[in-house]
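Enquirer: What shape does this take:
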Amino acid sequence: MDWADDVAYSVHDVDDAIQLGHLDPGVLDRAEERQRVITRCIEWYTPHADPAELDAALHRLQNLDVWVGSFDATMASLAAVKRMTSGLIGRFCRSAEALTRDRHGPGRLRRYDADLVVPEPVRLEVAVMKAVAAEYVMLRPGADGEYERQREVLMAVVAAIIDGDGRLLQPWLQQSWQESRDDSQRLRVALDQVASLTDASVERWYWAISG
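Expert: Presented below is the predicted three-dimensional model:
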């Protein structure tokens, strides 16, 4: 699950960063920008990694056929970003599956029969992707104010669900709410509801309860 989260969030965050104009992928060709990413990667994700190995990981990604080197918001460039997203997710998942099978064989691998094995070079590639998202999205100028508002929106929606005794919940969570024995369990159900919503859906819920 940890690997699935790392792959999904790192790739989609970079995809979003490019489409929203927060990241021009061409800047990663500059030595100073690469150093920013590598420094962030070491500080946040891979404290013991060799900077040269992280730089090599970024180079490998940029040399992939699916890597997008520029973006101009045309239909063709949007399609290219989506191809990159699909290609990177496939690369990261297939590499882990292949090495896990190599270590544990072709049989059925149930819950405790094997551990997922991720090639270290690929683990560094994902870490670099996470660092790109961190540097150009999470830490971009003005992001703090946006994140504070998002926290306020999420907290307001969760509070509305709880204050309304679960009546705002979608049908698939109603039974879980009714079976909750204490405030802690009810909070978990409310959080599950909010976690299932898209950004746009959360905004719609927020304006509905605020209006």
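Enquirer: Would you enumerate the residues in contact with the residue of the chain positioned farthest from its centre?
Expert: Relative to the C-alpha centroid of the chain, counting by CA atoms, centre = their mean, Arg181 is the outermost residue, at 32.6 Å. By CB atoms under 8 Å, 6 or more residues apart in numbering, no residues touch Arg181. For every residue, glycine as well, the C-beta is placed using N, CA and C.
Enquirer: For Val14, see how far away it is.
Expert: Arg181 sits 42 Å away from Val14 when distances are taken as CB to CB, to the nearest Å.
Enquirer: What of Arg167?
Expert: In terms of CB to CB, Arg167 sits 39 Å off from Val14.
Enquirer: Those two: which is more packed in?
Expert: Val14 (26 against 10; other CB atoms under 10 Å).
Enquirer: Val189: which element?
Expert: Following DSSP states H and E, the helix or strand that holds Val189 is helix 183-195.
Enquirer: neighbouring contacts of whichever strand or helix holds Val132?
Expert: Taking DSSP H and E as the definition, Val132 sits inside helix 120-133. Here helix 120-133 makes contact (CB under 8 Å, 6+ apart) with 6-7, 9-11, 13-14, 17, 23, 28, 37-38, 40-41, 44-46, 49, 53-54, 56-58, 60-61, 88, 91-92, 95-96.
Enquirer: And those residues, which of them are buried?
Expert: Among the contacts of helix 120-133, the ones that count as buried by 16 or more other CB atoms under 10 Å are 6-7, 10-11, 13-14, 17, 23, 28, 37-38, 40-41, 45-46, 49, 54, 57-58, 60-61, 88, 91-92, 95-96.
Enquirer: Find the helix or strand that Val153 is a member of.
Expert: Secondary structure from DSSP H and E places Val153 in helix 143-163.
Enquirer: Please identify the buried residues of that helix?
Expert: Under the neighbour-count criterion of 16+ other CB under 10 Å, helix 143-163 has Val153, Leu154, Val157, Ala160, Ile161, Ile162 buried.
Enquirer: go on, stretch 122-139?
Expert: 122-138.
Enquirer: what is the mean pLDDT for stretch 121-133?
Expert: If you average the pLDDT over stretch 121-133, you get 97.
Enquirer: I misspoke; the intended subject was stretch 33-46.
Expert: Rounded mean pLDDT across stretch 33-46 is 97.
Enquirer: What are the contacting residues of that stretch?
Expert: Residues outside stretch 33-46 that contact it (CB under 8 Å, 6+ apart): 27-28, 49, 51, 54-55, 58, 124, 127-128, 130-132, 134-135, 139.
Enquirer: about what we covered before: contacting residues around the helix holding Val189?
Expert: The contact list for helix 183-195, computed with CB under 8 Å, 6+ apart, reads 154, 157-158, 161-162, 166, 168-170, 173, 176-177, 180, 202.
Enquirer: Let me know the closest of those to Arg103.
Expert: Ser176 (37.8 Å; CB to CB).
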